[in-house]
Structures are given as structure tokens and as C-alpha cells.
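Chemist: Dropping the sequence and predicted coords here.
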Amino acid sequence: MITAEDRLKQSQQALLTLLLASVFGLMGVLIYGGQSKDWRSFFAVASTGILVGVAAFFVGALLGFLFGIPRTLQRTNPTGSTGSTNTTGSSTSPPNGGATEFQANTNLEQISDWLTKILVGVGLTQVNKILTKLSDVSGSVAAALGSESGNRSFALALIIFFLIVGFFFAYLWTRLHLAMLLTAADNAIRQLQETVEAVSLKVRDVQANALGTGKSGTNEVKKKLLEVTDGIEPGDPNDPWKGRFGGNSVNNDRELSAEVKPIDGRAGLYAIRLAVKSLHPDTNPLKGAVQFFLHPTFNDQTPVVSVGPNGIAELDLKAWGAFTVGAVADDGATKLELDLSQLPSAPADFKSR
């Protein structure tokens with residue numbers, strides 16, 4: 001059974017063979033130049049033949065490179081699948097599956113595909129003209145090599161030989177090494193993205209842990225409630241902020257939203273991300289800070305969150321069940337309220353607690 005390592009060795013041997021063939025081709029040029037009458041003629045023929053051979057080699061190599069460029073496999077998540085959820089509520093998707101994931105730039109692949117199809121199509125339809133042009137080129141090279149008989153045949157053989165050698169060398173090298181280099185680069189970028197994401201998730205986890213875990217399953221709440229400037233009396237002690245901020249999640253061109261997801265490995269515990277943003281950030285951006293009002297079972301019931309560079313104030317929490325969230329923005333001019341038990345996207349078990 002031939003292994004991948006055996007195939008790699010065979011491919012490398014093929015590349016070495018093609019290089020040796022190129023060396024023998026150059027030696028043929030030197031031998032042909034040995035027919036010259038003097039050293040001056042010898043160097044003229046040898047240098048011309050070597051340059052023509054190298055030029056033909058690189059032309060063939062360019063074609064081989066275009067034909068050998070590997071295609072990038074773009075992986076996507078199966079329909080309906082979702083990524084795992086971390087301890088702070090941010091969804092982590094598989095590689096190339098997230099909305100913020102970067103995909104490989106395939107412009108070079110598309111250009112390669114277009115050019116190879118064009119070259120094959122033109123080559124099949126214009127064979128006679130191509131042969132005529134090749135004969136003209138070989139005639140020009142023969143004139144540069146001297147006036148001895150047989151120069152035209154030698155020039156034609158020289159061009160075709162190095163074109164073929166260059167094509168196969170570049171094709172094999174591209175298929176063998178370029179794919180590995182591109183894979184290594186993609187893996188390095190993916191590792192960097194995962195590292196940045198891990199640091200970001202760690203920061204969010206620290207923030208959520210500092211706030212504590214709210215809405216205990218025992219429904220035990222603290223007796224002491226913070227005062228709100230509107231003077232509205234608290235209602236249900238298990239949901240004290242219900243109705244105290246106007247009952248609307250949208251007010252004064254501001255919106256309070258939430259995202260709730262279960263935490264892997266923590267049955268019954270959910271990650272919550274609260275966000276306050278402007279509905280028209282271009283004309284009426286959200287500035288300063290937003291104060292959130294949470295369930296009394298949190299260590300910090302009224303955290304203050306600065307508006308980020310994206311114009312959104314975000315807060316990550318962990319909780320066992322639903323409760324009403326209040327928010328005050330615009331230095332107290334805007335009050336928002338959101339009952340998490342009414343979120344359509346929240347898990348049913350979370351909303352029933």
C-alpha cells in the first residue's frame with residue numbers, strides 16, 4: 001500500500017528528475033555551441049541558447065502554475081446546525097461556519113480557472129496559427145544562433161523541450177508545495193482568530209462572574225430594593241423591576257434587547273447578553289453609559305456599562321431563570337424595560353423559571 005509519505009517522496013523525485021533534465025538541456029546548448037568556429041561565436045550561441053531555454057522554461061512554468069493552483073474547500077455548517085455555547089453565552093461556531101469568520105480569497109483560483117479554460121479553448125481552435133507562430137519564433141532564435149544549417153530545428157527543439165520541462169516542474173511543485181503552504185497559512189490565521197476569541201470570551205466570563213448568578217431556582221430574593229427616581233412602587237418581589245421602567249423595550253430612539261442561550265455542562269444555567277443600542281446610530285448615536293437594573297439575586301444589581309466603539313452598551317450575565325431587566329440611558333432621559341420571559345427566542349425552560 002502506497003502511503004502519503006511515499007507519494008511525497010515520489011513527487012520530490014519527479015521534481016529532481018525535471019531539474020536534471022533542465023541541466024541536460026543546458027548542456028545540450030553548450031555542446032551545440034561547441035560547433036562554433038571561435039570563442040566569440042561560442043559564447044554568442046551559448047548565451048543565446050541558455051537565455052531562450054530559461055525563457056521557455058519560465059513560460060512553461062507559468063502555464064503549469066496556472067493549471068496546478070489548488071482549489072480552496074469552503075466548509076459550511078449543515079442546515080440547522082449551531083455552534084456550541086461557552087460559559088458567557090457567546091456562540092462559538094466551527095471553522096468557517098460563523099458569521100464573523102473570514103474566508104480564503106479565491107481570486108487567484110478564479111483567474112487560474114478562467115485562463116486555463118481560455119488557453120485550452122484557444123489552443124484547440126487555433127492549433128495551426130500557434131504552430132505557425134512557433135515556427136516563426138524558432139526562425140528568429142535560429143537567426144540569433146548563427147547561419148549554420150540545422151539551427152532552426154535545434155531552436156524549435158530547444159523551445160519545446162524547456163516549455164514542457166517548465167510546465168511539468170511548476171505543475172508538480174504547485175500541487176505538492178503550494179497547497180501545503182496555503183494550508184499552513186490558513187491554520188496560522190485560524191489559530192490567531194481562536195486565540196483572540198478565547199481572550200475575548202475570558203474577559204466576558206470574568207465580567208459575568210463578577211456580577212454573580214441571578215434568579216435562583218429557590219425563588220429567594222433580597223428584601224432590600226434600590227430606589228428608582230420615578231417613584232413607582234415595586235410589584236412582584238420575585239420580579240421587582242416589572243413595570244418600573246415604562247414596560248417598553250424601545251423608547252426615545254433606543255432599544256433594549258437580549259439573547260439567551262444554555263451553557264454547556266451547566267444544566268439549568270443560561271448565558272444572557274443584554275444590549276442597548278440606538279435605532280438610528282448615524283443621526284442619534286448612543287453615548288456615555290447605560291445603567292442596567294437586574295434581579296436582586298445578582299451581586300451587582302445596578303451595573304453601569306460604557307457604550308462601546310460600536311455604539312452599543314453590552315452586558316453578559318448568567319442566570320437560572322427569566323426576570324425583568326430595566327435600563328437607563330442618555331443620563332436618565334431614556335428608560336427601557338424588557339421581560340426576558342417574553343423573549344420568543346429564549347428556551348422554554350428558562351422562561352418558565
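Modeler: Alright, I've got the coordinates.

Chemist: quick one: which helix or strand includes Val325?
Modeler: strand 324-329 (DSSP states H and E).

Chemist: Pull the residues that contact that strand.
Modeler: Here strand 324-329 makes contact (Cβ atoms under 8 Å, 6 or more residues apart in numbering) with 228, 239, 241-245, 254, 256, 258, 274, 276, 286, 288, 290-294, 313, 334-340. In short, each C-beta sits where N, CA and C put it, glycine included.

Chemist: Check stretch 25-42 too.
Modeler: 43-46, 49-50, 53, 145-146, 148, 154, 158, 161-162, 165.

Chemist: what's the average pLDDT for that stretch?
Modeler: Mean pLDDT, computed over stretch 25-42, is 79.

Chemist: Can I get it as PDB, trimmed to CA atoms?
Modeler: This file holds the C-alpha atoms of stretch 25-42, laid out as PDB (Å, rounded to 0.1, in the frame of the first residue of the first chain):
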ATOM      1  CA  GLY A  25      19.100  20.600 -21.800                       C
ATOM      2  CA  LEU A  26      21.600  23.400 -21.000                       C
ATOM      3  CA  MET A  27      24.500  21.000 -21.500                       C
ATOM      4  CA  GLY A  28      23.000  20.300 -25.000                       C
ATOM      5  CA  VAL A  29      23.100  24.100 -25.700                       C
ATOM      6  CA  LEU A  30      26.800  24.200 -24.700                       C
ATOM      7  CA  ILE A  31      27.500  21.100 -26.900                       C
ATOM      8  CA  TYR A  32      25.700  22.700 -29.800                       C
ATOM      9  CA  GLY A  33      27.700  25.900 -29.200                       C
ATOM     10  CA  GLY A  34      30.900  23.900 -29.400                       C
ATOM     11  CA  GLN A  35      30.500  23.700 -33.200                       C
ATOM     12  CA  SER A  36      31.300  27.400 -33.400                       C
ATOM     13  CA  LYS A  37      34.500  28.500 -35.200                       C
ATOM     14  CA  ASP A  38      35.900  30.600 -32.400                       C
ATOM     15  CA  TRP A  39      35.300  31.500 -28.800                       C
ATOM     16  CA  ARG A  40      33.400  34.600 -29.600                       C
ATOM     17  CA  SER A  41      30.900  32.700 -31.700                       C
ATOM     18  CA  PHE A  42      30.700  30.000 -29.000                       C
END
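
Chemist: following the helix or strand harbouring Gly121, which helix or strand comes up?
Modeler: Here Gly121 sits within helix 107-125, counting by DSSP H and E. Sequence order places helix 127-145 as the next helix or strand after helix 107-125, per DSSP H and E.

Chemist: Determine how far the strand holding Val325 lies from the middle of the whole chain.
Modeler: 36 Å (Cα atoms, centre = their mean, to the nearest Å).

Chemist: Partner strands of it, with direction?
Modeler: strand 289-293 (antiparallel), strand 334-339 (antiparallel) (DSSP bridges).

Chemist: can you list those strands in TSV and add mean pLDDT and distance to Val307?
Modeler: As requested, the strands paired with strand 324-329 are exported to TSV (pLDDT from 0 to 100; distance: least, Cβ to Cβ, whole Å):
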stretch	mean pLDDT	distance to Val307
strand 289-293	92	6
strand 334-339	94	12
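
Chemist: With distance to Pro347 as extra columns, can I get those strands in TSV?
Modeler: Output for the strands paired with strand 324-329, formatted as TSV (distance: least, Cβ to Cβ, whole Å):
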stretch	distance to Pro347
strand 289-293	21
strand 334-339	15
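
Chemist: any chance of these in JSON lines, plus mean neighbour count?
Modeler: As requested, the strands paired with strand 324-329 are exported to JSON lines (neighbours: other Cβ atoms under 10 Å):
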{"stretch": "strand 289-293", "mean neighbour count": "21"}
{"stretch": "strand 334-339", "mean neighbour count": "22"}
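
Chemist: Of all those strands, which one is nearest Gly64?
Modeler: strand 289-293 (60.1 Å; Cβ to Cβ).

Chemist: What lies in contact with the very next helix or strand once past that closest one?
Modeler: Using DSSP H and E, the helix or strand that follows strand 289-293 in sequence is strand 304-306. For strand 304-306, contacts defined as Cβ under 8 Å, 6+ apart pick out Gly288, Ala289, Val290, Gln291, Phe292, Ala313, Glu314, Leu315.

Chemist: per-domain residue ranges of the chain.
Modeler: 4-208, 250-352 (automatic domain parsing).

Chemist: Pick out the shakiest of these, pLDDT-wise.
Modeler: Minimum mean pLDDT among these: domain 4-208, a mean of 70.

Chemist: follow-up on the earlier one: and the contacts of stretch 25-42, which two are furthest apart?
Modeler: Glu148 and Val165 (25.2 Å).

Chemist: more crowded one of the two?
Modeler: Val165 (24 against 14; other Cβ atoms under 10 Å).

Chemist: if I look at that one, how far off is Val54?
Modeler: Distance from Val165 to Val54, counting by Cβ to Cβ, to the nearest Å: 11 Å.

Chemist: Surely Asn317 and Phe298 touch.
Modeler: That one is not Asn; residue 317 is Leu. Yes. The criterion here is Cβ atoms under 8 Å, and Leu317 meets it with Phe298 at 7.4 Å.
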